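Asker: Here is a sequence with its predicted model. Questions after.
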Amino acid sequence: MANPPPSAPAAFRPPTGLRTFAVVCFGQVVSLFGSRLSSFALGVWVFQTTGSATQYALIAVAMIAPTALLSPLIGALVDRWDRRRTLILADAGAAAVTVLLVFLVWFDQLSPVYLYAAVALESIFQSFQEPAFAASTPLLVPRRHLGRANGAVQAGRAAALVVGPLAAGLLLGPIGLMGLLLIDLGTFLIAVMTLMTVRIPRPPGEPRSATATGTGAEPKPSLVAEALEGWHHLRSRRGLEALLLLAFGLNFTFGIVNVLLTPLVLTFASSAELGIVLTAASLGMLVGGVTMSVWGGPQRQVRGILIAAALQGGILAVGVLRPSVILVGAAAFGYLFLNPIILSCSHAIWQSKVPPGLQGRVQALREMAGSVSLGIAFLAAGPLADYVFEPAMATGGFLAGSAGRILDTGPGRGIALLMTLMGLLTLVTVVLAQRYRPLTRLEVEIPDAIPDEPPHPDEPLL
């Protein structure tokens, strides 16, 4: 008897899961808060134990490396698996690593080597979280609300980044490393429990043609082949490819600023004044996220990204002209205020233009590009500052008579020059991007992969 023809793909129903999204987002933000508590405490432990800034920096390397190496395969698994279960796996696996750290601390066996291994293992589990959550969002949130939804995510993450280190600093003395690890474990359990109460729909399946084997379906492709499907999809859409390259460059600049802001401020200010600058930066990110969650972002999202990036470049170019806490603090606030706008618009584009069945793979490629650009920035920032720009801008340095006339000379002025150049490079990048039609016409030329419908009168707001 002939095999039945393959069934048509299930029609994609416009999502109405705003409450589900809010529940999942809450659980993930609580989990992130716990992770910030423990990461702060573990960083302090490493530095106090070893006295080495290099050993401290290796924590960041251990966090980034697995994501950079494994993201394509992880994205393919996210698209294969149920996304709610994937998020549960990510949180439960990270919780298991935290339990391992608790035992090591309890038995006084924690060492930097064990810590790096644990951080790398936890990073693998958390590498499932970002693409699974990003891929789930368009299944839960109508397209018209994606900007606001991503703004809410950015606001929640910014709040965790602001409150987490502050709370960790206050609690580390009274309850110690063990206490903060136990709180982190509790936040993972909260995230898992919130996921247990919701349902995330699966994306519509794509039919596979019948084969001569009589099974009615093609053999399942390998994990590597599925991972490459995401790459081929991206390469066939030049606008999305250009958006990924733009994000790579902006992420690299962000990494340079992230690494060098603290040493820059400490060359002319006290540690208390550094705290003021870092608080201003964190508040900028929080206010930007809240703004996006209320506003929803511009109607033309690519244009919004380019305008916000240009403003970031200008702020970076002029915000370090003088060694002033007020000037640098205001620049840090403005620079990071714009970051959630860029990220929310970018997320909304990817979520609306990539088919639901490919979201995990494409989002994982974005994660890989972000990790690689941050890793390069982290590795390059220190040597560029210490061995190139700081000597050049020292009194009598070879740039003292040129750039030194604008930025002054002495400690920290080389870092200021590097940041100024990063700002000018960002402005040049935006000008070039604005002239690349596949990017600027991305929203017109690439059709939406998810439909939308007029809002229902009873539809809840985010």
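Answerer: Yep, it's here.

Asker: what does the domain assignment say about this structure?
Answerer: According to automatic domain parsing, the chain comprises the domains 14-203, 225-450.

Asker: Any chance of a markdown table for those, columns mean pLDDT and mean neighbour count?
Answerer: Where you see a C-beta, it was placed from the backbone N, CA and C, and this is true even at glycine. Formatted as a markdown table, the domains of the chain follow (pLDDT from 0 to 100; neighbours: other CB atoms under 10 Å):
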| stretch | mean pLDDT | mean neighbour count |
| --- | --- | --- |
| domain 14-203 | 87 | 19 |
| domain 225-450 | 91 | 19 |
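
Asker: Quick one: end-to-end distance for stretch 380-392.
Answerer: Start and end residues of stretch 380-392 are separated by 17 Å (CA to CA, to the nearest Å).

Asker: hmm, I was thinking of stretch 346-362
Answerer: For stretch 346-362, the end-to-end distance is 13 Å (CA to CA).

Asker: and that stretch, how far out from the chain's middle?
Answerer: 15 Å (CA atoms, centre = their mean, to the nearest Å).

Asker: for stretch 316-326, same thing?
Answerer: 26 Å.

Asker: which other residues reach that stretch?
Answerer: Applying CB atoms under 8 Å, 6 or more residues apart in numbering, the external contacts of stretch 316-326 come out as 253, 257, 264-265, 267-269, 273, 276-277, 327-328, 330-332, 334-335, 406-408, 412-413, 415-416, 419-420, 422-424, 426-427.

Asker: Okay, and which of the residues you listed map to helices?
Answerer: 253, 257, 264-265, 273, 276-277, 327-328, 330-332, 334-335, 406-407, 413, 415-416, 419-420, 422-424, 426-427 (DSSP state H).

Asker: tell me, which helix in this protein spans the most residues?
Answerer: Per DSSP H, the chain has its longest helix at helix 146-196.

Asker: helices or strands next to that one in the packing?
Answerer: Counting contacts by 3 or more CB pairs under 8 Å, 6 or more residues apart in numbering; DSSP states H and E, helix 146-196 is packed against helix 18-50, helix 83-106, helix 112-140, helix 271-295, helix 325-353.

Asker: Those helices: which one's closest to residue 243?
Answerer: helix 325-353 (6.6 Å; CB to CB).

Asker: Report the distance from whatever helix or strand comes next after that closest one to the chain centre.
Answerer: Using DSSP states H and E, the helix or strand that follows helix 325-353 in sequence is helix 359-383. In terms of CA atoms, centre = their mean, the centre of helix 359-383 is set 9 Å apart from its chain centre.

Asker: report the angle between the axes of helix 359-383 and helix 112-140?
Answerer: Compare the direction of helix 359-383 with that of helix 112-140 by axes from the mean of the first three to the mean of the last three CA atoms, to 10 degrees and you get 140 degrees.

Asker: From the chain's centroid, how far away is the following helix or strand past helix 359-383?
Answerer: Helices and strands here follow DSSP H and E; after helix 359-383, the next one along the chain is helix 390-392. In this view, helix 390-392 has its centroid 32 Å away from the chain centroid, taken as CA atoms, centre = their mean.
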